[in-house]
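# Pasted the sequence and its predicted model underneath.
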Amino acid sequence: MTGMNCPDGIRRALAAHSTMTLAYTDEDGPQACAVLYASDAQAPGAADGPALYFVTATTTRHGRTLARPGARVAFTAQRDGQEWSALTGLQGRGDCRPLAEAERAAGWRIYTERFPFVAADERLRGALERTTLWELRPDWLRLIDNGQGFGHKEEWHRAAAS
């Protein structure tokens, strides 16, 4: 499905998970890392499709790579320990960018609502507030849901800018 309205099944799956594996490429080749994420997928009126928010320092290998202009990533999100017959997960790719000022504040609210333990722990909150908050804006998402039949897939593509 192409267009602005991301299907409900994909939005629910994004909201149901909290860890994604980011894949990226730098000068040493392909790499992957796991990060906790929060999504605005359930927010009404996310006109440009869902956004995912995660925290990582720009001093990490993936942080340095993502800080480059036009950074692109691929990612997956799924629960561990699923049986193949009920396997449900997401695949996606999109653009990453660090957030600042008002955009960071809005993303931070979404992140701390998803992970209230961050706001509750003063030391953790302080450390993460000093770390970069990133927005991943998917332009392609695929939901795989074997619970609806083996190999069941639902896709979404962000509408091309006019």
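Received, thanks.
# rest of the way, CA atoms for contacts and neighbours
Noted.
# residues contacting the closest residue in space to residue 100 that isn't next to it in sequence?
Residue nearest to residue 100 in three dimensions, not counting chain neighbours: residue 133, with 7.9 Å by C-alpha to C-alpha, 6 or more residues apart in numbering. Taking C-alpha atoms under 8 Å, 6 or more residues apart in numbering, we find residue 133 in contact with 53-56, 98-100, 104, 107-108.
# now, among those residues, which is nearest to residue 159?
Nearest to residue 159 out of the contacts of residue 133 is residue 53 (C-alpha to C-alpha; 20.9 Å).
# all helices for the protein, in order.
For the chain, the helices defined by DSSP state H occupy 8-16, 61-66, 101-114, 116-120, 122-129.
# in this structure, which ranges drop under the pLDDT threshold?
1-4, 42-48, 80-87, 161-162 (pLDDT under 70).
# Could I get the full set of strands for it?
With DSSP state E, the ranges of strands along the chain come out as 19-26, 29-36, 38-39, 52-55, 72-78, 88-98, 133-145, 153-157.
# Would you mind pulling up the elements that the last one packs against?
Which is strand 153-157. strand 133-145 (3 or more C-alpha pairs under 8 Å, 6 or more residues apart in numbering; DSSP states H and E).
# Pull out the buried residues from the strand it packs on.
Across strand 133-145, burial judged by 16 or more other C-alpha atoms under 10 Å covers 133-145.
# can you tell me which residue is nearest the centre of the chain?
What sits nearest the mean C-alpha location of the chain, by C-alpha atoms, centre = their mean, is residue 52, with 3.6 Å.
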